[in-house]
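Undergrad: 3D model of this:
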Amino acid sequence: MSSIANLTKANILLVDDTPNNLRLLSAMLSDQGYEVRRVVNGQMALKTAQANPPDLILLDIKMPDMNGYEVCQHLKAIEQTQAIPVIFISALDEVLDKVKAFAVGAADYITKPFSEEEVLARVENILTIRQLQQQLQQVSRKCQQLEADLTSREENYQALFHNQLVGIFQMQPDGLLLAVNQHLMQLLGHQTDTELIQKRYFSEYCSEFDAKQLFAELQVSCPIRDYSLELYRQDRSTFWGSVSIQLSLKINCYEGILLEKTGTHPCD
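TA: A predicted model of the protein is given here:
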């Protein structure tokens, strides 16, 4: 068997009302290391599959009481067993018989009389596909969990970012604002961050002289702490603020905190 099929010892359920067929298939598969269970009718197949779902079912069609098509339909209607691949093994070799088998959910169809090599090859092929599907589902679940975790972290970060009682911002080296929190919007007299992000420059909220001084200071002594300057709101009213700025190398931008100074001119 292939390395993929050998990752786990597959459990195969054989369903056939002919004891000789069961013995032949069971010996053939057991010799290859598969764990094999055998039942002789459809009702037993359904009970066994639900009690302990196998990795694969080899199913005869012509059986009394419940034929293979009906068994497969029941399996596909039950959540616990609907993902189990089913290979039909039957003496029926008409095209319509095979079409009906695939219509009710068969993964493959083997015609009797069969060769051992064909059965083993088809069994291995279906088990390999099943294991790959299971691995893909595991990866998908992990990705979904990771996405949920990242979403939760982002929501927590945004809540923390916007609920701070100081103005917080990110800006490009040229001063273009990349992110602002709720408090900074209020300090500058804006209602939404869309009025600021990627549209306004930090230098628009202070005098040209102060802006040049601030960015010159950043070039020579970043980070800066508690740098005082007069700032303009959107309505051009003014207030004095204290700004601290550092460079974030990870995202190549400046990160800053702005505090409003109350009382008199800081130089008074």
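Undergrad: All the helices of this structure, residue numbers only.
TA: 19-30, 42-51, 68-77, 95-103, 116-163, 182-188, 208-221 (DSSP state H).
Undergrad: who's in contact with the fourth one?
TA: Contacts of helix 95-103 with the rest of the structure, by Cβ atoms under 8 Å, 6 or more residues apart in numbering, involve 61, 68-69, 72, 88, 90, 109. In this view, the C-beta of every residue, glycine as well, is placed from N, C-alpha and C.
Undergrad: and which of those residues is nearest to Met185?
TA: Nearest to Met185 among the contacts of helix 95-103, counting by Cβ to Cβ, is Cys72 at 62.2 Å.
Undergrad: Roughly how far does Gln145 sit from Thr151?
TA: Going from Gln145 to Thr151 by Cβ to Cβ, to the nearest Å gives 11 Å.
Undergrad: repeat for Val36
TA: With Cβ to Cβ as the criterion, Val36 and Thr151 are 45 Å apart.
Undergrad: These two: which has the busier surroundings?
TA: More crowded of Val36 and Thr151, by other Cβ atoms under 10 Å: Val36, with 19 against 10.
Undergrad: That one: what's it in contact with?
TA: The contact partners of Val36, by Cβ under 8 Å, 6+ apart, come to 11-14, 25-26, 29-30.
Undergrad: and the residues you listed, which are buried?
TA: Neighbour-count burial (16 or more other Cβ atoms under 10 Å) is assigned, among those, to 12-14, 25-26, 29.
Undergrad: ok so, going back, using CSV, please lay out the contacts of Val36 together with distance to Leu229.
TA: Formatted as CSV, the contacts of Val36 follow (distance: Cβ to Cβ, whole Å):
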residue, distance to Leu229
Asn11, 74
Ile12, 77
Leu13, 78
Leu14, 83
Leu25, 85
Ser26, 86
Leu29, 81
Ser30, 83
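Undergrad: just the residues you listed now: which is nearest Ala49?
TA: Leu13 (6.2 Å).
Undergrad: give the contact list for the nearest residue to that closest one once chain neighbours are set aside.
TA: Distances taken as Cβ to Cβ, 6 or more residues apart in numbering place Pro54 nearest to Leu13, at 4.0 Å, with adjacent residues excluded. Applying Cβ under 8 Å, 6+ apart, we find Pro54 in contact with 11-13, 37, 48, 84.
Undergrad: same thing but at 10 Å, please
TA: Residues in contact with Pro54 (Cβ atoms under 10 Å, 6 or more residues apart in numbering) are 10-14, 34-37, 45, 48, 81, 84-85.
Undergrad: Phi first, then psi, for the residue lying closest to Met63 once chain neighbours are set aside.
TA: Using Cβ to Cβ, 6+ apart and skipping the chain neighbours, the partner closest in space to Met63 is Asp17 (4.6 Å). In terms of degrees, to the nearest 10, the main-chain angles of Asp17 are phi -90, psi 0.
Undergrad: ok, how many other residues are close to Asp17?
TA: 15.
Undergrad: Can you list the low-confidence ranges for the stretch 151-268 of the chain?
TA: 263-268 (pLDDT under 70).
Undergrad: Apply 90 and report the result again.
TA: Applying pLDDT under 90 to the stretch 151-268 of the chain picks out residues 151-165, 192-194, 219-222, 248-252, 261-268.
Undergrad: so what's the closest residue to Asn21 other than its chain neighbours up against?
TA: Excluding its sequence neighbours, the residue lying closest to Asn21 (Cβ to Cβ, 6+ apart) is Asp60, at 7.0 Å. Under the criterion of Cβ under 10 Å, 6+ apart, the neighbours of Asp60 are 14-18, 21-22, 25, 40-42, 45, 67-68, 71, 88-92, 112.
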